[in-house]
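[1] got a structure for you, letters missing:
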DNA sequence: CTCCCGATAT
DNA sequence: ATATCAGGAG
């Protein structure tokens, strides 16, 4: 499967602008912390998640603490991330199942990860990429919006977008693409008001200025 | 498809 | 007032 010149140009400019180093914007010290942080990041900015987890991971300093947490208390501890009832319930169930079914270790396969409460394809791929360094494409709102703007996919469904990107992007760019697009999406191709005047991909964009 | 749901920019 | 933010489950 040949990579189109259009795609090569995009990747070359992203590499030049942001490098290819693997960076995670969710603060964490281990696998279960990243898992909990990623569950919290659903429909919430990473900046907000980092504020919450700063205290959260001191109070809950192990999976066992989450497994035995009081739901109401955990709800208040994570309230500002939104969807706090679902998230608190999922975090507790998730911690219990990792302890009971996976010997206390965060599993590495997509199927095992998505079998956990509150863990969908996006969260699972964050863990696979950042913890286990398995090539994976995380389709979040930035990747979705910008991949469409750049003409790398026409789909709305995140899984279909993931398949399109896996076909179009060389495997060694999968992880860096995610980091680059998130950075790009926050600095330039902002959802509410994209800065097309200062965008280094404007000439390759399908919907420039719209 | 609907519901979960607070913080922030416009 | 409205859209959007590193989504997932029923």
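    Ah, there it is. Small disclaimer: the values here were computed from a predicted structure and weren't measured.
[2] Whichever helix in chain A runs longest near DNA strand C anywhere?
    Taking DSSP state H as the criterion, chain A has its longest helix at helix A:84-101. Yes - using CB under 7 Å from any atom of the strand, helix A:84-101 reaches DNA strand C at A:86, A:90. Using the backbone N, CA and C atoms, a C-beta is placed for each residue, glycine as well.
[3] Could you do stretch A:16-33 as well?
    Yes - interface with DNA strand C: stretch A:16-33 contributes A:23, A:24, A:25, A:26 (CB under 7 Å from any atom of the strand).
[4] middle-most residue in chain A, spatially?
    Centroid check for chain A by CA atoms, centre = their mean gives residue A:126 as the closest residue, at 5.0 Å.
[5] ok, for that one, nearest residue in space, not its chain neighbours?
    residue A:38 (4.9 Å; CB to CB, 6 or more residues apart in numbering).
[6] for residue A:143, same thing?
    Leaving aside its sequence neighbours, residue A:143 sits nearest to residue A:181 (CB to CB, 6+ apart; 5.2 Å).
[7] Could you tell me which residues make contact with the one you found?
    The neighbours of residue A:181, taking CB atoms under 8 Å, 6 or more residues apart in numbering as the test, are A:14, A:142, A:143, A:146, A:147.
[8] Please apply the same query to residue A:155.
    A:161, A:164.
[9] Residue A:51: which element?
    Element membership of residue A:51, judged by DSSP states H and E, is helix A:46-59.
[10] which parts of stretch A:180-189 are buried?
    A:180, A:181, A:182, A:183, A:184, A:185, A:188, A:189 (16 or more other CB atoms under 10 Å).
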